[in-house]
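Enquirer: Take this sequence and fold it.
(one chain, ligands or ions: 2)
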Amino acid sequence: MNAIAKSNAETEFESTVYHVTPSPDGPVIEIDDFNLWYGAAQALFNVVMNIEKGLVTALIGPSGCGKSTLLRSLNRMNDLIENLTIGGGMKLEGLPIYGPKVDVIGLRKRMGMVFQKPNPFPKSIFENVIYPLRVDGVRDGTVLAEACERALKGSALWDEVKDRLDDNALGLSGGQQQRLCIARAIASDPEVLLMDEPCSALDPIATSKIEELIDELKGHYTIVIVTHNMQQAARVSQNTAFMYLGRLIEYGDTEEIFTSPKLSRTQDYVTGRFG
Ligand SMILES: Nc1ncnc2c1ncn2[C@@H]1O[C@H](COP(=O)(O)OP(=O)(O)OP(=O)(O)O)[C@@H](O)[C@H]1O
Ligand SMILES: [Mg+2]
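Expert: Ligands and ions are numbered 1, 2, ... in the order given. Got it, this is the predicted structure:
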């Protein structure tokens, strides 16, 4: 790309427009000019974004715009990918996420993750939930039982499974499996829950249960959710980030993003004109 074409390309994307609802507790994550390349292909460009503590933040945008990449960058799940380069930084409660001395396992415990397809282990319901404690070497049966109950209550699954904790988790319905995965994610008592299209494999009833759950969990946890479902973003989140071609275009109060976005590009996306 020559210099003139490059500068035109740059001016096509002006800097992000922000009108975020702040949390009384301030931001929990601060993303500062973050860039990411898969090999030679740049997937994220100059992302500057604060994730507000105790609120739900939705990431929206067309397929391939970098939502999952940004989400996986937060807890360094991208570390597993070869030929990855990053620039800029991110902080979790002031801790540089890409700092040289960061304990990545510890970091991932502070930021639990739930994926698109429920991924329980082929083990009992109990073992699935307390897996993070097992990894930590916890052996005390009472501690494990209490943690299991607390996490399953937290994920609104306890009443449905309390009499069958020894059954194989793969025998649960898809929606129950996803709530089990949320229980497993919260069993290690994270600060942040990262959810990448957690309802896309679920039916409408299971989806509304997860949405209710998200509503109950916010406050105690900060939640970042990627979704293709505009109604879902509008229902569950307080702030919404609209991404396009690896850039954060507009990031603001959810109601404003959906009713009076500042940019026509955002308007076109949320009204279904493209994407
Ligand atoms: N492991 C990878 N190696 C190389 N390129 C990748 C990898 N993962 C993602 N990409 C590329 O990075 C860009 C952003 O992908 P990403 O998965 O973050 O998009 P997305 O917004 O989550 O899309 P979708 O809505 O389809 O899930 C895309 O161009 C994609 O092809
Ligand atoms: Mg994705």
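Enquirer: so, in contact with ligand 1 or not, stretch 51-58?
Expert: No: Stretch 51-58 lies apart from ligand 1 when judged by CB under 6 Å from any ligand atom; the minimum separation is 12.7 Å. Bear in mind the C-beta positions are built from the backbone N, C-alpha and C, glycine included.
Enquirer: give the contact list for residue 175.
Expert: With contacts defined as CB atoms under 8 Å, 6 or more residues apart in numbering, the neighbours of residue 175 are 202-203, 205-207, 209-210.
Enquirer: Pull out the buried positions in the helix or strand harbouring it.
Expert: Residue 175 belongs to helix 174-187 when assigned by DSSP states H and E. By neighbour count, with 16 or more other CB atoms under 10 Å as the criterion, the buried positions of helix 174-187 are 175-187.
Enquirer: quick revisit: can you flag which of the contacts of residue 175 belong to strands?
Expert: Among the contacts of residue 175, no member falls in strands (criterion: DSSP state E).
Enquirer: and the two most separated of those?
Expert: For the contacts of residue 175, the farthest-apart pair by CB to CB is 203 and 210; their separation is 10.9 Å.
Enquirer: Just want to know which of those two has more residues nearby.
Expert: residue 210 (23 against 11; other CB atoms under 10 Å).
Enquirer: how deep is the closest residue to the more buried one other than its chain neighbours tucked in, by neighbour count?
Expert: Excluding the flanking residues, the one nearest residue 210 by CB to CB, 6 or more residues apart in numbering is residue 199, at 5.3 Å. Residue 199 has 24 neighbouring residues, counting by other CB under 10 Å.
Enquirer: cool, and residue 117?
Expert: Neighbouring residues of residue 117 were enumerated by other CB under 10 Å; the total is 14.
Enquirer: With residue 195 instead?
Expert: Per other CB under 10 Å, the neighbour tally for residue 195 reads 27.
Enquirer: C-alpha coordinates for the helix holding residue 175, CSV please?
Expert: Below are the C-alpha coordinates for helix 174-187, written out as CSV (Å, rounded to 0.1, in the frame of the first residue of the first chain):
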residue,chain,number,x,y,z
GLY,A,174,-27.4,-28.4,26.0
GLY,A,175,-28.7,-25.5,28.1
GLN,A,176,-27.9,-27.4,31.3
GLN,A,177,-24.4,-28.1,30.0
GLN,A,178,-23.9,-24.4,29.3
ARG,A,179,-25.0,-23.5,32.8
LEU,A,180,-22.6,-26.3,34.1
CYS,A,181,-19.8,-24.6,32.1
ILE,A,182,-20.7,-21.3,33.8
ALA,A,183,-20.6,-23.1,37.2
ARG,A,184,-17.2,-24.4,36.4
ALA,A,185,-16.1,-20.9,35.3
ILE,A,186,-17.3,-19.3,38.5
ALA,A,187,-16.1,-22.1,40.8
